[in-house]
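[1] build me a structure from this.
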Amino acid sequence: MVEKCIEVFMDNFSVFGASFGNCLANLEKVLQCCEESNLVLNWEKCHFMVQEGIVLGHKISKRGIEVDKAKLDVIDKFPPPVNVKGTRSFLGHVGFYRRFIKDFSKIAKPLSNLLNKDVMFMFNEECLEAFNTLKAKLVSAPVITAPD
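    A predicted model of the protein is given here:
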């Protein structure tokens with residue numbers, strides 16, 4: 001029964017239910033299992049009965065899964081990279097949200113090519129276009145709904 005009301009990833013879990021009462025009953029079962037297993041929770045990191053929140057860098061709400069606006073602000077303020085380190089950093093940030101961008105790999109290819117070994121760093125117009133396209137697509141990223 002508990003498996004139908006909880007999502008677990010590494011050391012994070014979320015308990016959910018169709019209604020407030022259902023969610024409360026599910027939470028009681030999960031906490032009982034934690035107690036029986038001698039699992040200690042960090043109460044400062046626990047959030048109860050919230051309708052939305054940040055989980056593993058994604059905003060989860062009744063609308064679905066969205067990108068975290070705070071992380072988007074960091075990406076939006078990113079200047080065009082001037083070296084390999086800056087390119088790797090940018091691709092790392094946007095790569096976290098690759099599932100929100102259709103054809104991410106195709107768009108990012110000019111930037112990824114700059115990371116190849118023994119390639120001279122030349123941030124050309126094609127790279128700038130890829131950089132700006134990725135930023136624009138992330139800012140207008142859609143909501144992803146969880147599979148049924």
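
[2] CA atoms for contacts and neighbours, from now on please.
    OK.

[3] report all helices and strands that the helix or strand that contains residue 66 contacts.
    Residue 66 belongs to strand 64-67 when assigned by DSSP states H and E. Helices and strands touching strand 64-67, by 3 or more CA pairs under 8 Å, 6 or more residues apart in numbering; DSSP states H and E, are strand 58-61.

[4] quick one: buried residues of the strand it packs on?
    Buried residues in strand 58-61, defined by neighbour count with 16 or more other CA atoms under 10 Å: 58, 59, 60.

[5] touching it from outside, list them.
    51, 52, 53, 54, 65, 66, 67, 68 (CA atoms under 8 Å, 6 or more residues apart in numbering).

[6] can you give me phi and psi for the second one?
    Pointing back at residue 52 there. The phi and psi values for residue 52, taken as degrees, to the nearest 10, are phi -160, psi 160.

[7] how much space between the residue nearest to it when sequence neighbours are not counted and residue 46?
    Leaving aside its chain neighbours, residue 52 sits nearest to residue 61 (4.3 Å; criterion: CA to CA, 6 or more residues apart in numbering). Using CA to CA, to the nearest Å, residue 61 is found at 17 Å from residue 46.

[8] so after the lowest-mean-pLDDT helix or strand in the chain, what's the next helix or strand?
    Within the chain, no helix or strand scores below strand 64-67, which has a mean of 76 by mean pLDDT, DSSP states H and E. Once strand 64-67 ends, the next helix or strand along the chain (criterion: DSSP H and E) is helix 69-76.

[9] can you mark which positions in that next one are buried?
    Quick answer for helix 69-76 (16+ other CA under 10 Å): 72, 75.

[10] which other residues reach it?
    90, 93, 94, 135, 138, 139.

[11] let's see it at 7 Å
    For helix 69-76, the surrounding residues in contact (CA atoms under 7 Å, 6 or more residues apart in numbering) are 93, 135, 139.

[12] ok, of those residues, which come out buried?
    93, 135.

[13] could you dump the contacts of helix 69-76 to a markdown table with distance to residue 106?
    Shown next, in a markdown table, are the contacts of helix 69-76 (distance: CA to CA, whole Å):
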| residue | distance to residue 106 |
| --- | --- |
| 93 | 17 |
| 135 | 14 |
| 139 | 18 |
